[in-house]
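> Here is a sequence together with a model predicted from it:
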Amino acid sequence: MIKIVDVHTHTFPEKISGHAIKSLSEKSHTKPFTDGTINALKSSMIESGVTCSIIQPVATKPEQVMKINDSAIKINSEGRAAGIYSFGAIHPDFEGHEKELTRISKAGIKGVKIHPVYQGVEIDDERYINILRISGELGLTIMIHAGYDIGFPGNDYALPFRILKSLESSGNVRVILAHMGGWKCWNEAAEIFSGREGVFFDTAFSLGYFSPNGDGYYSNIEDCRMLNNDDFVGMIKKFGSERVLFGTDSPWASQIESLESFMSLELNEREKNMILHENVEKLLAI
């Protein structure tokens, strides 16, 4: 049976998951596919056949950073048995980037998620450049929300041109650019990042159509269109299949539906195996 690693998932503590999912669904006008808890993610993995999921937590406030990272360390201690691991979190306004990043690196965390839009700071800000530089020195991989965000229309904090400026100033660091390098600005992402050393891409929330939550905001299905199959495969060929990682953005996309859509693509078995598990296993040594 083929191994499947979902490099891009989200969960919330049970005591806040209901509120968090409701709030984010209303803001983005999109449908959640689980209740956002780890138990729901486990059920989704069983249903879809996903072997391993990696949680990508976002610290929206500096004071959340250490609590999130302590939780990530605990999740990772049970990762092999549960099939669920977690990246750490950092916030540009958190005091002591180097100390905290060093702490979580020593604790075995493989990488950190940053989200310029949710964190309210442009990715080419000096604070993020410092985070990238330190992470590179420590061998941490950084996942960056790339492109526009469905809940913040028009916000340009994480557009490809800004990410490029940040990477050019931060030294040797490995990054995963979520959403195929730039959500809803894929042509720009393909032009800017093709052949860029140390840059990887996940497939999360980029193929086909996203699912509206039924509140009437999206009245036309074409408003929910992302990349079609041909354009998606074209981007994989442009980037190189050895640099693409399978991800879903669960609970904002269904793991089983995302996997079915991916398996329908005109890619050979070798390319699919690389994207579904080999690339991320090599990158993160999991």
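Structure received. Residues are numbered from 1 along each chain as shown.

> Can you show me the CA trace of the helix or strand of the chain with the lowest mean pLDDT as PDB?
Across the helices and strands of the chain, mean confidence by mean pLDDT, DSSP states H and E is lowest for helix 79-82: a mean of 80. Extracted C-alpha coordinates of helix 79-82, given in PDB (Å, rounded to 0.1, in the frame of the first residue of the first chain):
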ATOM      1  CA  GLY A  79       4.000  10.900  16.400                       C
ATOM      2  CA  ARG A  80       5.300   7.500  15.300                       C
ATOM      3  CA  ALA A  81       2.400   5.700  17.000                       C
ATOM      4  CA  ALA A  82      -0.300   8.200  16.000                       C
END
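
> Quick one: distance of that helix to the chain centre.
How far helix 79-82 lies from its chain's middle: 20 Å, per Cα atoms, centre = their mean, to the nearest Å.

> quick one, helices of the chain?
Under the criterion DSSP state H, helices of the chain are mapped to 14-28, 38-48, 65-77, 79-82, 97-106, 116-119, 126-138, 160-169, 186-193, 229-239, 255-263, 269-273, 279-284.

> which of those sits most buried?
Among the helices of the chain, ranked by average contacts under mean count of other Cβ atoms under 10 Å, first place goes to helix 116-119 (a mean of 22). (Each C-beta comes from the backbone N, C-alpha and C, glycine too.)

> Show the average pLDDT along that helix.
Per-residue pLDDT over helix 116-119 has a mean of 98.

> Just name whatever secondary elements it is in contact with.
If you count contacts as 3 or more Cβ pairs under 8 Å, 6 or more residues apart in numbering; DSSP states H and E, helix 116-119 packs onto no helix or strand.

> weakest of the helices of the chain in terms of mean pLDDT?
Ranked by mean pLDDT, these end with helix 79-82 at the bottom, a mean of 80.

> measure stretch 103-119 end to end?
End-to-end distance of stretch 103-119 (Cα to Cα, to the nearest Å): 22 Å.

> from the chain's centre, how far out does that stretch sit?
With Cα atoms, centre = their mean, you get 12 Å for stretch 103-119.

> Check stretch 273-286 too.
Going by Cα atoms, centre = their mean, where stretch 273-286 is centred and where its chain is centred differ by 15 Å.

> Now do that stretch: everything it contacts.
When contacts are defined by Cβ atoms under 8 Å, 6 or more residues apart in numbering, stretch 273-286 is touched by residues 2-5, 7, 51-52, 54, 79, 85, 110-111, 141, 174, 176, 200, 203, 236, 241-246, 262, 267.

> One more pass at 7 Å, please.
2-5, 7, 85, 110-111, 141, 174, 200, 241-242, 244-246 (Cβ atoms under 7 Å, 6 or more residues apart in numbering).

> quick one on the thing from earlier: nearest to residue 208, out of the helices of the chain?
Between residue 208 and the helices of the chain, the shortest separation by Cβ to Cβ is 5.3 Å, and it involves helix 255-263.

> Which strands or helices does the closest one pack on?
With contacts defined as 3 or more Cβ pairs under 7 Å, 6 or more residues apart in numbering; DSSP states H and E, helix 255-263 has these neighbours: helix 38-48.

> for the helix it packs on, packing partners?
Under the contact criterion of 3+ Cβ pairs under 7 Å, 6+ apart, helix 38-48 touches helix 255-263.

> Beta-bridge partners for residue 202, please?
Judged by DSSP bridges, the bridge partners of residue 202 are residue 245.

> before we move on, the earlier item: by neighbours, which of the contacts of stretch 273-286 wins?
Most neighbours among these, by other Cβ atoms under 10 Å: residue 7, with 29 neighbours.

> Run a quick neighbour tally on residue 195.
10.

> Equivalent analysis for residue 50, please.
If you count neighbours by other Cβ under 10 Å, residue 50 ends up with 26.

> Tell me who's in contact with it.
Counted by Cβ under 7 Å, 6+ apart, residue 50 has contacts 4, 6, 255.

> And it, how close does it get to residue 3?
From residue 50 across to residue 3, the span is 9 Å (Cβ to Cβ, to the nearest Å).

> for residue 233, same thing?
22 Å.

> Same check on residue 180?
Per Cβ to Cβ, residue 180 is found 22 Å from residue 3.

> now residue 258
From residue 258 to residue 3 the distance is 16 Å (Cβ to Cβ).

> ok, now residue 30?
Noted for residue 30: a distance of 29 Å to residue 3, by Cβ to Cβ.
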